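S.K.: compute the structure for the input listed below.
(one chain, ligands or ions: 2)
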Amino acid sequence: MKNKILAPSILTADFSNLAQQIRCVELGGADWIHCDIMDGQFVPNITFGPIVLKAIRKSTKLPLDAHLMIKTPDNLLEEFINAGADYITIHQEEVVHLHRTLTRIKELGAKAGVAVNPATPVSSLKEVLPIVDMILVMSVNPGFGGQKFIEGSLNKIIELDKLRTDSNYKYLIQVDGGIDLNNVKTVLEAGCNSFVIGNSIFKNDNITASTVEFKNLLS
Ligand code: DX5
Ligand code: ZN
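M.R.: Ligands and ions are numbered 1, 2, ... in the order given. The predicted structure is shown next:
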């Protein structure tokens with residue numbers, strides 16, 4: 001797959017000025033907006049829910065990539081999709097009937113992604129690889145921005161890329177956590193398609209310029 005997807009994570013954006021911050025990454029060529037949904041249960045942090053996602057929907061035409069780090073995500077799938085999420089990614093560790101949930105997301109009209117924490121092996125996804133639209137490889141333990149990239153994540157991306165080639169699967173591989181200017185190329189070469197980047201974009205004085213910088217490295 002030629003075109004790489006840059007998905008800035010607004011987790012570390014200035015929430016008092018969210019629409020303007022999103023505009024900055026849009027101007028820099030961002031492809032998606034990554035929305036980290038946290039409930040203080042599945043992860044030790046709380047962010048926002050469908051109401052705020054709906055407000056974000058109004059501020060951009062870019063696809064909204066909702067990463068649900070919440071307990072029982074099945075209860076809120078419709079709400080997030082109705083609020084305007086284009087991609088819904090749920091966690092393998094939380095969902096018991098993974099095939100059912102992924103199918104339901106697709107039936108509701110969104111793209112279905114599944115995320116794996118650093119301690120969760122790729123093999124746990126084997127049976128859903130043919131139906132999933134995206135696999136999110138967590139390269140930090142979920143909950144916070146600005147953490148250090150866990151090196152073992154690279155092998156998972158390589159493994160997922162090989163499985164995709166061998167079986168002609170269609171899923172995108174997304175990386176999330178600790179991506180910076182020093183490691184983004186290595187992750188790209190491992191076969192990753194979609195890059196979630198939080199701190200390395202939003203903690204810069206010039207958000208647009210740093211978005212452009214990543215975009216250039218990914219093309
Ligand atoms: C962590 C979130 C990430 C996070 C990435 O739980 O899923 O999306 O915002 O932020 P950085 O790029 O700062 O690691
Ligand atoms: Zn995320």
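
S.K.: pull up the residues of the protein that are close to ligand 2.
M.R.: Asp36, His67, Asp176 (Cβ under 5 Å from the ion). For glycine as for every other residue, the C-beta is placed from the backbone atoms N, C-alpha and C.

S.K.: give me the neighbour count for the residue lying closest to Ile51 once chain neighbours are set aside.
M.R.: In space, and not counting its chain neighbours, Ile51 is closest to Ala83: 7.4 Å by Cβ to Cβ, 6 or more residues apart in numbering. When counting by other Cβ atoms under 10 Å, one arrives at 20 neighbours for Ala83.

S.K.: over to the residue lying farthest from the centre of the chain. Which of the three states is it?
M.R.: Of all residues in the chain, Asp166 has its C-alpha farthest from the mean position, at 24.2 Å, by Cα atoms, centre = their mean. Put simply, Asp166 is helix when judged by DSSP: H, G, I helix; E, B strand; the rest coil.

S.K.: model confidence for it, exactly?
M.R.: Looking at Asp166, its pLDDT is 98.

S.K.: so Leu11 versus Thr89, what's the distance?
M.R.: 14 Å (Cβ to Cβ, to the nearest Å).

S.K.: for these two, indicate the residue with more neighbours.
M.R.: Thr89 (28 against 21).

S.K.: the more buried one pairs with what?
M.R.: Assessed by DSSP bridges, Thr89 has beta-bridge partners His67, Gly113.

S.K.: quick revisit: quickly note the distance from the residue farthest from the centre of the chain to Glu159.
M.R.: Taking Cβ to Cβ, one finds Asp166 at 11 Å from Glu159.

S.K.: by neighbour count, which of the residues of the chain next to ligand 2 wins?
M.R.: Counting neighbours by other Cβ under 10 Å, His67 comes out on top of these with 28 neighbours.

S.K.: residues contacting that residue?
M.R.: Residues near His67 by Cβ atoms under 8 Å, 6 or more residues apart in numbering: His34, Cys35, Asp36, Ile37, Thr89, Gly113, Ala115, Leu136, Asp176, Val196.

S.K.: and of the residues you listed, the nearest to Pro44?
M.R.: Asp36 (13.2 Å; Cβ to Cβ).

S.K.: part of a helix, is the closest one?
M.R.: No: counting by three-state DSSP, Asp36 is located in no helix; its state is strand.

S.K.: for the protein, give me the ranges with low pLDDT.
M.R.: Low-confidence segments of the chain, defined by pLDDT under 70, span residues 1-2.

S.K.: done for today, thanks.
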